[in-house]
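Student: attaching a predicted model along with its sequence, questions to come.
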Protein chains: 2
Amino acid sequence: MTYCVGLKIDSGLVFMSDTRTNAGVDNVSTFSKMHRWSKPDERVLVLLSAGNLATTQAVISLLDERTKAPKERAPSVMKTSSMYQTAKLVGDALKEVIHDAAPAGQNADAFGASFILGGQIRGTEPRLFLVYPEGNFIEAGPDTHFFQIGETKYGKPILVRSHDPKMSFEETVKLLLVSFDSTLRSNLSVGLPLDLLYYPRDSYRIGFEKRIRQDDGYFRTVTEGWSNALKSAFKSLPDFKP
Amino acid sequence: MTYCVGLKIDSGLVFMSDTRTNAGVDNVSTFSKMHRWSKPDERVLVLLSAGNLATTQAVISLLDERTKAPKERAPSVMKTSSMYQTAKLVGDALKEVIHDAAPAGQNADAFGASFILGGQIRGTEPRLFLVYPEGNFIEAGPDTHFFQIGETKYGKPILVRSHDPKMSFEETVKLLLVSFDSTLRSNLSVGLPLDLLYYPRDSYRIGFEKRIRQDDGYFRTVTEGWSNALKSAFKSLPDFKP
């Protein structure tokens, strides 16, 4: 499985993804699920992927090849004029890959994949999209500032309760690590290391990137601190009186 | 959907279940998912159910009818000599109901249901079982003190982190309400009121029973207090330093 989150904050976009892929618990590998295309001072695009690894890799490869052979008929994510057009390209690539797989008489559901796309193109606002396995998509708005894909449930309650678009990047990373820690503890198929990326609004450059490993000092501070803080929070509530 | 938890603590067994059933979001009803059979000073049995409502009601009816017609060939849950035998009866009743439904050419998966069975029979220990949709079952042991059925993921992280069998009944209710609150906020198909039952070890009587409604004072204290306590816990951790 997989766990990826894309968050819109006032100062930009923050992305985090795990790196574990598995075909059964006895076949586990590490693959990055975070892909980026950028042209400094013009556009930054970040794509997080969940689902069938063959499908997600095929979609990324298809999009990637088109950026390198700009004369091809199909459009490139490096040439789109808006994030909406970019999301449509991702959705179309996904439909194409699923369609190619289906004639082999396989059940297309098994090839399912979903994506979070975020970024900014000069002259437009930063935007964040969730691309469904069917290739259609929705956009984050003023009421919903984040999207999750993969194993979303364990880590959702803390995001729902604590997320605020006014949060700084530094506080958002803390929130994401708490959400990822809850997921890592509950589902073996979500695993370290984690990939973190920050895109500061109107910068048209990747602002910060880091791979967070098991021995990362801040990650350990958050996971240990959170266990203790939760226990204190729980103790602070009054017990039930029958 | 449904959310039910059965917990083993040193002083006995605690059960909590929601009451919402739905066939689509536009067809919602309230049904208790907590069923009890008891003979004071001899046995207390509690059964929590999740899954297809027709299946769970058929299983309960079948078990219930047998307690009232003791001359029937099939055994009754009021006559079993151990909790293991009782769990086997529940599993067998489930298999019988699923088998009856299957010949109609329906997909039996759609009729799936699972149960948490807990209780104590004089001369034996209090025991807690999880009965799978296939009718087989597992028992809580020294390393796993609780079972969840239905929409289990949102409410699991807090149970995993905070549960301790040394907890009192009063503290366990607090823990369960926090876990249910996380689930209620995230999944519309889990709904109030909640049913709570406490069986004190070696009492052979139901110790405490309550239906917790939206306007319950303690429930409101926990849900509001938990939101604030979580925010403080989150604030108490240091922010990320890039």
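Tutor: Here it is on my side, so go on.

Student: going forward, measure contacts and count neighbours with C-alpha atoms only.
Tutor: Will do.

Student: helices of chain A, start to end?
Tutor: Taking DSSP state H to define them, one finds helices in chain A at A:53-68, A:83-101, A:156-162, A:169-186, A:217-236.

Student: just name the most buried of these.
Tutor: Highest mean neighbour count of the helices of chain A: helix A:169-186, a mean of 22 (counted as mean count of other CA atoms under 10 Å in any protein chain shown).

Student: how about the residues of chain A by chain B?
Tutor: Residues of chain A that fall close to chain B, judged by CA under 8 Å from any CA of the partner chain: A:153-157, A:161-162, A:170-171, A:173-175, A:182, A:185-186, A:208, A:218, A:222, A:225-227, A:229-234, A:236-242.

Student: report the contact partners of residue A:159.
Tutor: Residues in contact with residue A:159 (CA atoms under 8 Å, 6 or more residues apart in numbering or on different chains) are A:175, A:176, A:179.

Student: who's in contact with stretch A:38-58?
Tutor: When contacts are defined by CA under 8 Å, 6+ apart, stretch A:38-58 is touched by residues A:1-4, A:17, A:21, A:33-37, A:78, A:94, A:97-98, A:110-122, A:149-150, A:199, A:203-206.

Student: how long is that stretch end to end?
Tutor: For stretch A:38-58, the separation between the terminal residues is 20 Å (CA to CA, to the nearest Å).

Student: measure the residue lying closest to residue A:166 once chain neighbours are set aside to residue A:241 for me?
Tutor: The shortest distance from residue A:166 to any non-neighbouring residue, by CA to CA, 6 or more residues apart in numbering or on different chains, is to residue A:10 (5.7 Å). In this view, residue A:10 and residue A:241 are 44 Å apart by CA to CA.

Student: of the two, who's got more company?
Tutor: residue A:10 (15 against 10; other CA atoms under 10 Å in any protein chain shown).

Student: doesn't residue A:165 make contact with the more buried one?
Tutor: Yes - at 5.5 Å, residue A:10 counts as touching residue A:165 under the criterion of CA atoms under 8 Å.

Student: which residues touch the nearest residue to residue A:241 once chain neighbours are set aside?
Tutor: Leaving aside its sequence neighbours, residue A:241 sits nearest to residue B:170 (CA to CA, 6+ apart; 6.4 Å). By CA under 8 Å, 6+ apart, the contact list for residue B:170 reads A:239, A:240, A:241, A:242.

Student: and residue A:95, by the same measure?
Tutor: Shown in contact with residue A:95 (CA under 8 Å, 6+ apart): A:134, A:135.

Student: and with 10 Å instead?
Tutor: A:59, A:89, A:101, A:133, A:134, A:135, A:136 (CA atoms under 10 Å, 6 or more residues apart in numbering or on different chains).

Student: turn those into JSON lines, columns for pLDDT and distance to residue B:128.
Tutor: Below are those laid out as JSON lines (pLDDT from 0 to 100; distance: CA to CA, whole Å):
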{"residue": "A:59", "pLDDT": "95", "distance to residue B:128": "48"}
{"residue": "A:89", "pLDDT": "96", "distance to residue B:128": "53"}
{"residue": "A:101", "pLDDT": "79", "distance to residue B:128": "46"}
{"residue": "A:133", "pLDDT": "92", "distance to residue B:128": "40"}
{"residue": "A:134", "pLDDT": "91", "distance to residue B:128": "43"}
{"residue": "A:135", "pLDDT": "93", "distance to residue B:128": "45"}
{"residue": "A:136", "pLDDT": "95", "distance to residue B:128": "45"}
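
Student: any chance of these in CSV, plus distance to residue B:212?
Tutor: What follows is those, written out as CSV (distance: CA to CA, whole Å):
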residue, distance to residue B:212
A:59, 50
A:89, 50
A:101, 51
A:133, 40
A:134, 41
A:135, 43
A:136, 42
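
Student: from those, which is closest to residue A:212?
Tutor: Nearest to residue A:212, judged by CA to CA, of the contacts of residue A:95 is residue A:59 at 25.6 Å.

Student: close enough to count as contact, that closest one and residue A:100?
Tutor: No - Residue A:59 is beyond contact range of residue A:100, at 11.4 Å (criterion: CA atoms under 10 Å).

Student: so what sits against both of those two?
Tutor: What both residue A:59 and residue A:100 touch, as defined by CA under 10 Å, 6+ apart, is the set residue A:94.
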